[in-house]
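[1] quick one: sequence plus predicted model below, questions after.
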Amino acid sequence: MTIERRVFLGGALAAGATVLAKRAIALPIFNRPRLAQSARALESRIDILIKEPIANINPDIYGHFAEHLGGVIYDGIWVGEKSKVPNTHGIRTALVEALRRIKPSVIRWPGGCFADSYDWRDGIGPRSQRPRRTNFWLDAQEWPKNGTVPDGPWKYDTNHFGTNEFVRFCQLAGAQPYMAVNVRGLGAHEFYKWVEYCNSPAGSTTGADVRASGEMPSRDPFKVQFWGIGNESWGCGGNLTPEEYSAEYRRFTAAMPGYGVPHKFIASGANGGDLNWTRGFFARTAEKSAGLFNSLYGWGLHHYSWNVSLGKTNDWIAGKGDAVDFDAAQYYELLKAAAGVENLIDQHWTVMGQYDRQHRVKLVVDEWGAWHKTGSQLDPTHLLGQQSTMRDAVLAGLTLDIFNRHADKVVMGNIAQLINCLQSLFLAHEDKFVLTPTFHVFEMYSAHPGSQSVRAEFVSPRVSYTRDDKPADFQGLAGSASLNGKQVTLTVVNSDLTAPRETEIAVAGASISSCQARVLSATDVHAHNSFEHPNVLAPRDETGSPGAGGKLVFRFAPASVTRLQLVLV
């Protein structure tokens, strides 16, 4: 990054603007009416460097996650074929229709921690003959303590939603299935048989025959590519050491028939910043044979944003805050936690490269999102359910922009979770259904997948706030840019709760001929959608004309997420 690209700011930013790193971020605010202003009067700038590509943005970065947890499957996705709730083969129709709007690329299932207690054989064949099993989350401490939660499939799983039902759901939504394999509870041979059940040709195996039977038969093979070998194997997935897990991973993937499908195995990665787990797995795997990295598609990484205690505790329960009732410091603390995934990506990538020097293995962030304390769930049966505000939308935008900027490293992301749990895109109960602000962010960002991520440099004042009676700060503008032909998609988050950001946007080596803007913001950052008021938070469209020199001045609203689609000449 050369100083000439920044000199336009002169002394205007000297009193607090921060020059961010090479992948810095910027958020434009649309200005109406457009004023002919000097660049020196502006406080922020974004330079889009279309001649400096990063990588194509894999659509799988915009993936999802559905676990047998609370109201995700039962009352969320699956309502049953005889339900009064509009459904398609038992699957909630409103959910399918909404998902099609964002073109989901991949959905991870059946967990999560649930996966390492799940026997896939329980969820096949006639539903009347499927066994009921104790759900992994039965004794979770987050269940309401007042006895308001009845027994049901959220505690004792009926297995009515199994492999065929999940794959049918993916087919209806237009997504690929990503199966999480039980390493802690089942052996490698059962994994072999599950792959056979899913992918063997019609009539070729007993598994294929069973697949073609029952209430939701499929003669055609499912052609599942993505297989996650365990989940959080350092914890609920077995309490293994990285060396032990390396042996399990090799055993599970040693000899798997392809049936014409290129398997993409995803290993269970570290707990947040535990670099020793990554180092231990890669070192032991390379010790056996560096050639094993050729068949390892992805290294899993989980990152939740949860601690808003202002540094007072790291306790998993006590550190969380309310989903709706939060102050400014808690707002920024949650966003700081989310932005931390960028360091995790860089750190794990560096360790991986010490053993896999060709970087054949990419990162898969297959669990991410905000995790608030309990109390805002829409129904007592919705374990870990929570309401979603404008703060969560800002967090989603920040995270997706980070993935876009690291498109050379990250090939998949799966927000946790799809519906009725954590940072979900949808909330549902019985016949009621609503889109959350996070859904709107995914829809706004849907122009990025498949395009080429390009470097963008952002200059913006940092945000100041008070953290436990002490001064603290956070980045102001953040975002990412991608190029598709003559169109640049620029997404920008203004994290500042109170200040808009007047920003000049320029494309190096090109002029902007037109701009279409889509903005998600609210006068109250606590705003959220409900069954009674489903459109409190919804994006709005704006248009604008570039000024002299083919540049654009845009005013980004406080606490907003914006998408600009720029046509170049």
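    Okay, I see it.
[2] using PDB, write out every CA atom in the longest strand seen in the chain.
    Counting residues, the longest strand found in the chain (DSSP state E) is strand 44-56. Once non-C-alpha atoms are left out, strand 44-56 reads as follows in PDB (Å, rounded to 0.1, in the frame of the first residue of the first chain):
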ATOM      1  CA  SER A  44     -13.400   8.300   4.900                       C
ATOM      2  CA  ARG A  45     -12.400   6.800   1.600                       C
ATOM      3  CA  ILE A  46     -12.500   3.400  -0.100                       C
ATOM      4  CA  ASP A  47     -10.200   2.400  -3.000                       C
ATOM      5  CA  ILE A  48     -11.200  -0.700  -4.900                       C
ATOM      6  CA  LEU A  49      -8.200  -2.300  -6.600                       C
ATOM      7  CA  ILE A  50      -9.700  -4.400  -9.400                       C
ATOM      8  CA  LYS A  51      -6.300  -5.300 -10.700                       C
ATOM      9  CA  GLU A  52      -5.400  -7.000  -7.400                       C
ATOM     10  CA  PRO A  53      -7.500 -10.200  -7.300                       C
ATOM     11  CA  ILE A  54      -7.600 -12.400  -4.200                       C
ATOM     12  CA  ALA A  55      -9.600 -15.400  -5.400                       C
ATOM     13  CA  ASN A  56     -13.100 -16.400  -6.500                       C
END
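[3] look up how far Gly509 lies from Val569.
    11 Å (Cβ to Cβ, to the nearest Å). Every residue, glycine included, has its C-beta placed from N, CA and C.
[4] Pro257: how many residues sit nearby?
    The local packing of Pro257 (other Cβ atoms under 10 Å) involves 12 other residues.
[5] go ahead and confirm Met390 touches Leu537.
    Yes: using Cβ atoms under 8 Å as the test, Met390 is close enough to Leu537 to be in contact (6.2 Å).
[6] now do the shared contacts for these two.
    Among the neighbours of Met390, those also in contact with Leu537 (Cβ atoms under 8 Å, 6 or more residues apart in numbering) are Pro437, Leu520, Ala522, Ala527, His528.
[7] tabulate these (CSV), appending pLDDT and distance to Ile505.
    What follows is the shared contacts of Met390 and Leu537, written out as CSV (pLDDT from 0 to 100; distance: Cβ to Cβ, whole Å):
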residue, pLDDT, distance to Ile505
Pro437, 98, 24
Leu520, 98, 18
Ala522, 96, 23
Ala527, 97, 27
His528, 98, 30
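[8] just those residues: which are in helices?
    Counted as lying in helices by DSSP state H, out of these, are Pro437.
[9] between the shared contacts of Met390 and Leu537, which sits nearest Asp473?
    If you rank the shared contacts of Met390 and Leu537 by distance to Asp473 using Cβ to Cβ, Ala522 comes first, at 23.2 Å.
[10] the closest one is in contact with Val394, isn't it?
    No: here Ala522 lies out of contact with Val394, judged by Cβ under 8 Å, at a distance of 10.4 Å.
[11] okay, the two: which has more neighbours?
    Val394 (27 against 20).
[12] returning to what we had before: pull out the buried residues from the shared contacts of Met390 and Leu537.
    Neighbour-count burial (16 or more other Cβ atoms under 10 Å) is assigned, among the shared contacts of Met390 and Leu537, to Pro437, Leu520, Ala522, Ala527, His528.
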